[in-house]
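Visitor: please work out how this folds:
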Amino acid sequence: MSKALNGKLVTVFGGSGFIGRHVVQALARRGYRIRAAVRRPDLAEHLQPLGGVGQIMPVQANLRYRWSVDRAVEGADAVVNLVGILAASGKQTFDAVQAFGPRAIAEAARGAGLSAITHLSAIGADAASDADYARTKAAGEAAVLETLPDSVILRPSIVFGPEDQFFNRFAAMARMSPALPLIGGGMTKFQPVYVCDVAEAVAKAVDGELTPGAVYELGGPEVKSFKECMELMLEVIQRQRLLLPIPFGIAGLQAGILERLPGKLLTTDQVRMLKVDNVVSAEAEQAGRTLAGMGINPSSLAAVLPTYLDRFRERGQYDAHRLA
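Guide: Below you'll find the predicted structure:
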């Protein structure tokens, strides 16, 4: 249930995506009116039932067209940017979406009289990275803070939840394939964070509870290797599959082919990203710039994965309840 409307309007860029729908719901529960700025408003109707009648309204906006960004932030009391891509496609390049886009949003927000926005980046953002994803994430952060220094930057590790593209993808592969690939031997470390915990962090930023100008790193309660993540996923879906280590060199060659095919199952940029651990830094821990520092107790993989991966079991989600 959402609270009574508080009279404030929040524009959420990327509100119809995986993380976006949970952010919209978290804000709606706090009583905000939400303007979900998306490229295809006709595909964002699923957001409206997350709040009261008229509380959530999709509007058209494309980060490559500044006039649409200006229009989307007009009259807003707060702005959230959640837009990001894992693979470039056509005009939706990393530079356009993750570097140019955040600057456009920050400048539009400044023009609308706002002093800050909430910007979702990613752990691993690095201006010196050879991965386009990490490099442009860093460029986006820099653009936002240069334009609006009081903005809050949130860097999550890999995000999991009902619509994620990580555990769902590998669980789907496990239904069809006798083996799952472990790129780089599966040694890369992640700190998977539940999407609802990320949404709560965004809502706290909008509420003004976080430190202006700070960069927060969001991770779950456990650090797990790629291999350990796959082992847990297979345990949840009750399937046994061979975990096949693939050296980075071979994975890069395979990605060079796969990224040219529909669906882009793997890209060379993603292979580069997997060479670096994706966990909360010691500096962020010590400074309290984490979920725990916000007062959020993060949910574990073991507690959440069974709630949405059970459909990948041999007999589906009702497997545990079938008659003897």
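
Visitor: show me where the stretch 101-250 of the chain has helices.
Guide: Applying DSSP state H, counting those that start in this stretch to the stretch 101-250 of the chain gives helices spanning 101-111, 132-147, 167-176, 195-207, 226-237, 248-258.

Visitor: of these, give the one that comes closest to residue 80.
Guide: helix 195-207 (6.0 Å; Cβ to Cβ). Where C-beta positions appear, they are placed from N, C-alpha and C, glycine not excepted.

Visitor: buried residues, that closest one. List them.
Guide: 195-206 (16 or more other Cβ atoms under 10 Å).

Visitor: over to stretch 153-163?
Guide: Those would be 153-161, for stretch 153-163 by 16+ other Cβ under 10 Å.

Visitor: which of those residues sits closest to residue 30?
Guide: residue 154 (16.8 Å).

Visitor: so residue 231 versus residue 182, what's the distance?
Guide: Relative to residue 182, residue 231 is positioned 10 Å away (criterion: Cβ to Cβ, to the nearest Å).

Visitor: do the same with residue 73
Guide: Per Cβ to Cβ, residue 73 is found 43 Å from residue 182.

Visitor: more neighbours: which of these two?
Guide: More crowded of residue 73 and residue 182, by other Cβ atoms under 10 Å: residue 73, with 27 against 20.

Visitor: can you check the pLDDT for that one?
Guide: As predicted, residue 73 sits at a pLDDT of 98.

Visitor: from residue 114, how far off is it?
Guide: Using Cβ to Cβ, residue 73 is found at 8 Å from residue 114.

Visitor: list residues touching both of these two?
Guide: Listed as contacting both residue 73 and residue 114 by Cβ atoms under 8 Å, 6 or more residues apart in numbering are residue 79.

Visitor: what sits closest to residue 240 if chain neighbours are left out?
Guide: Spatially, and ignoring its direct neighbours in sequence, residue 240 is nearest to residue 234 (6.8 Å; Cβ to Cβ, 6 or more residues apart in numbering).

Visitor: what residues are up against the one you found?
Guide: Contacts for residue 234 (Cβ under 8 Å, 6+ apart) come out as 174, 180, 240-241.

Visitor: if you set the cut-off to 10 Å instead, what comes out?
Guide: By Cβ atoms under 10 Å, 6 or more residues apart in numbering, residue 234 lies in contact with 170-171, 174, 180, 240-241, 243, 309, 312.

Visitor: top of those residues by neighbour count?
Guide: residue 309 (26 neighbours).

Visitor: wait, is that residue part of a strand?
Guide: No: according to DSSP: H, G, I helix; E, B strand; the rest coil, residue 309 belongs to no strand; its state is helix.

Visitor: please shift the residue numbers so they start at 10 in all later answers.
Guide: Got it, the first residue is 10 from now on, which makes the last one we talked about residue 318.

Visitor: can you give me the strands in the protein?
Guide: 18-22, 42-47, 65-69, 87-90, 127-129, 161-165, 168-169, 188-192, 198-199, 202-203, 224-227, 233-234, 251-255 (DSSP state E).

Visitor: give me the neighbour count for residue 266.
Guide: So residue 266, with other Cβ under 10 Å, has 11 neighbours.

Visitor: swap in residue 15?
Guide: Neighbours around residue 15, by other Cβ under 10 Å: 11.

Visitor: that one and residue 43 touch, don't they?
Guide: No: the pair residue 15 / residue 43 is not scored as a contact, 11.7 Å apart, by Cβ atoms under 10 Å.

Visitor: okay, now the unreliable bits of the stretch 110-259 of the chain?
Guide: Residue ranges of the stretch 110-259 of the chain with pLDDT under 70: none are present.

Visitor: just flag the most distant two among the buried residues of helix 204-216.
Guide: 204 and 215, at 16.6 Å, using Cβ to Cβ across those.

Visitor: picking that back up, from the buried residues of helix 204-216, which single one is nearest residue 103?
Guide: Nearest to residue 103 among the buried residues of helix 204-216: residue 207, at 21.0 Å, using Cβ to Cβ.
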